[in-house]
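**Q** sequence first, predicted coordinates after that:
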Amino acid sequence: MTEQIDKALAREYEAGFVSAVESETFEPGLNEDVIRRISEVKGEPEWMLEWRLNAFRVWQEMEEPDWAHVDYPKIDFQAISYYSAPKSMKDKPKSLDEVDPELLRTYEKLGIPLVEQQMLAGVAVDAVFDSVSVVTTFREKLEEAGVIFCPISEALHKYPDLVKKYIGSVVPTKDNYFAALNCAVFTDGSFVYIPKGTRCPMELSTYFRINEQNTGQFERTLIVADEGSYVSYLEGCTAPQRDENQLHAAVVELVALDDAEIKYSTVQNWYPGDEEGKGGIYNFVTKRGICHTNAKISWTQVETGSSVTWKYPSCVLKGDNSVGEFYSVALTRGRQQADTGTKMIHLGKNTKSTIISKGISAGRSNNSYRGLVRMNPGAEGARNFTQCDSLLIGDQCGAHTFPYVESRNPSAIIEHEATTSKVSDDQMFLCQQRGVDPEKAVSMIVNGFCKEVFKELPMEFAVEAGKLLEISLEGSVG
Amino acid sequence: MSNENVLLSIKDLHASVEEKNILKGLNLDIKPGEVHAIMGPNGAGKSTTGYVLSGRDGYEVDSGEVTLAGENLLEMEVEERARAGLFLAFQYPVEIPGVSNLEFLKAAVDAQREARGEEAVTSAEFLKMAKEACKQVNLPVSFLKRGVNEGFSGGEKKRNEIMQMMLLQPKLCILDETDSGLDIDAMQVVANGVNSQRDGERSFIVVTHYQRLLDYIKPDFVHVLADGKIVKSGDASLAKELEEQGYAWIQSEPTEDELED
């Protein structure tokens, strides 16, 4: 079987096309002037510029982290362009009719029609193309419910107080190297506010697309769920197939106030690079949510893309009885490297967290789970359950688990289970003997392995995630 | 002998596993509707026969010919053999965690129907068929939702194999020591399942170490496999003789080859 896998580890990256969109792109380089220009292009208030400049100074003092189990050449931050936007976006189209048809076609090709009549009913989309948001659908319907869903650059104008109150409140500027960089140069992303006691009437989603060459994407998402509210949010990401690596360093902050619930799902399919590891996205992302009393945050991620992934969606369980969940499927193949997991910081009494991580490694890839569970002294009666399973396909890949457990409260209960298994010859033979071809067999076995995570995804996207795995595994067996 | 009306024809089959010769000149013809029992001592090559016929990796055919319904079986991939109508019921069915039995069965039936150019069954129709099959082998319908063989008892796994056979409707079924690890009641359920699939067209190879399964599944022919070839053939009464006298009397008799020498 190993030989078959080696022979046929080739697949098409379906989202690898480039759109012919005329863009206005900053020349590569990073300094205070570039940051001033970004802020100016966005027409930001003065405090935002100051915040960015402060972050830039902080970042300059920091060192690039090297503790992750990933290996990549040093990033030249001066070789990256920090802003790129389609020219047609300059006049800020008021409606879909005014949006460049090439942009709409791009999203249509990715399977995300932005024309409302063709869309999945019940899902509102914010489409971010390079550094700007091009369209946000179903806004009127959401406004009726009092829900705010708009590009964060727009929120800075329309709802400056809300943004100012919460931005950087969960992931502070100094948090880490890539978060500090994001604070300095972020361009767009989504802003969501769900008012008190409101159940968001539809799923919200943001689709990030990198198109321009030599640009980085630095988006920033901020979701605030006010007391007793509920929202389910999904992000998807793709990029063209290129030989050069591109940097994506995003920050996502979630605030779940008392009794609120946020469900955040990610289907990450950035270009993973070719079989030899050439090209692909460096995905360095900081995601964190804070749960107040009785609140709940649930992260679900399906990570199949990027050449390097460095990502730990986390929960700070500040309020008593709050709940944090992390469900993850990370699939690596070719030469992909993923170091991903979560942090569950238990501060409040009777806080609960669940971590289910499924790592699948194929080809010559390396897949690591890194997770921290911390019970602070005040976390009376807190509980954590962690299950961490690795599945290996072939004999040249690696699966690694780095669990960190810190308990400072004797009443806290922490459970950790881990397994490592292989797609066995026996399983393959059983499937084939029943008439199922080998590729379908692998995808069926892998899907089965991931079932506990897929069932956490919103229904519309569970199917998509399953298909994505199928595409990713195409050619994994001969 | 003419190939007419022969479903499976094995001619002078030699096969090895890890460079060790296991089958050393196996000959066997099976006509539609016939049930052949293959018995023999441990290590005679009984299970190997099933794996070689189904094309498992690591089971190398050194020489010989095998046809199924006139087609050269040895040139086909594992899944192609299955789609051509060959079914192997495993001695130790493997678990596939998280993949529901129903999903697995549907994938298998879909693949086979598609290969034969038949129309796909709808999920509703299939569920009905699967529930019916469950009933026939005495498995609760809830088994369809559980992972393939996940946490099943030995008997449940074997009944699950028979259920798969019922849904796939193969031309030739090879039952590889299906009786191993079964108590009498479970064996009876399995045998009833097999018997219900005997329709005068479907053929069976029943591989077993013990005669007792053959009390329930009456074979048309019994073959004794020893050291990689059939050393004695007869009707059902041969199985009884073996039961009474053990395999030693057969192995101690000189084989044809040895007489010729």
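**A** Everything's here; your move.

**Q** just the pLDDT at residue 5, thanks.
**A** Let's take chain A. pLDDT for A:Ile5: 41.

**Q** sorry, I should have been clearer: chain B.
**A** 85.

**Q** for B:Pro97, same thing?
**A** Reading off the model, B:Pro97 has pLDDT 89.

**Q** what helix or strand is it located in?
**A** strand B:96-100 (DSSP states H and E).

**Q** ditto for B:Asp110
**A** Here B:Asp110 is assigned to helix B:101-115, by DSSP H and E.

**Q** what pairs with the longest strand anywhere in chain A, parallel or antiparallel?
**A** Secondary structure of chain A per DSSP state E: the longest strand is strand A:280-291. Here strand A:280-291 has these sheet partners by DSSP bridges: strand A:245-248 (parallel), strand A:251-256 (parallel), strand A:308-311 (parallel), strand A:314-317 (parallel).

**Q** which residues sit against whatever helix or strand comes next after that strand?
**A** Using DSSP H and E, the helix or strand that follows strand A:280-291 in sequence is strand A:296-303. Strand A:296-303 is touched from outside by A:254, A:256, A:260-268, A:287, A:289-291, A:309, A:311, A:313, A:315, A:322-331, A:338, A:340, A:342, A:453-454, A:456-457, A:465, A:468-469, with contacts defined as CB atoms under 8 Å, 6 or more residues apart in numbering or on different chains. C-beta: built from backbone N, CA, C; applies to glycine.

**Q** can you pull the residues of the stretch 151-261 of chain B lying near chain A?
**A** B:Gln164, B:Leu168 (CB under 8 Å from any CB of the partner chain).

**Q** the stretch 151-261 of chain B: strands as residue ranges?
**A** B:172-176, B:203-207, B:221-226, B:229-234 (DSSP state E, counting those that start in this stretch).

**Q** could I get these as CSV with mean neighbour count?
**A** Below are the strands of the stretch 151-261 of chain B laid out as CSV (neighbours: other CB atoms under 10 Å in any protein chain shown):
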stretch, mean neighbour count
strand B:172-176, 25
strand B:203-207, 25
strand B:221-226, 22
strand B:229-234, 18
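
**Q** dump the ones you listed to a markdown table, plus mean pLDDT.
**A** Shown next, in a markdown table, are the strands of the stretch 151-261 of chain B (pLDDT from 0 to 100):
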| stretch | mean pLDDT |
| --- | --- |
| strand B:172-176 | 95 |
| strand B:203-207 | 95 |
| strand B:221-226 | 93 |
| strand B:229-234 | 91 |
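
**Q** how about TSV for those, with distance to A:Phe26 added?
**A** Shown next, in TSV, are the strands of the stretch 151-261 of chain B (distance: least, CB to CB, whole Å):
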stretch	distance to A:Phe26
strand B:172-176	68
strand B:203-207	73
strand B:221-226	78
strand B:229-234	79
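
**Q** just grab the bridge partners of the residue most central in space within chain B for me.
**A** Taking CA atoms, centre = their mean, the centroid of chain B lies closest to B:Ile174, which sits 1.0 Å from it. Note on B:Ile174: beta-bridge partners B:Leu88, B:Ile205, judged by DSSP bridges.

**Q** one more: A:Leu391?
**A** A:Ile360, A:Ser421.

**Q** re the thing from before, next up, the contacts around the residue nearest to the centre of chain B.
**A** B:Thr49, B:Gly50, B:Leu53, B:Ser54, B:Leu86, B:Phe87, B:Leu88, B:Ala89, B:Phe204, B:Ile205, B:Val207.

**Q** element containing A:His416?
**A** strand A:413-422.

**Q** quick one: the helices in the stretch 51-200 of chain B?
**A** B:78-83, B:101-115, B:123-136, B:154-168, B:184-196 (DSSP state H, counting those that start in this stretch).

**Q** kindly apply the preceding question to the stretch 151-300 of chain A instead.
**A** Under DSSP H, counting those that start in this stretch, the stretch 151-300 of chain A gives helices at A:152-158, A:160-166, A:177-185.

**Q** can you add distance to A:Gly348, mean pLDDT and mean neighbour count and give those helices back as CSV?
**A** CSV is the format used below for the helices of the stretch 151-300 of chain A (distance: least, CB to CB, whole Å; pLDDT from 0 to 100; neighbours: other CB atoms under 10 Å in any protein chain shown):
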stretch, distance to A:Gly348, mean pLDDT, mean neighbour count
helix A:152-158, 29, 91, 18
helix A:160-166, 20, 95, 15
helix A:177-185, 24, 93, 25
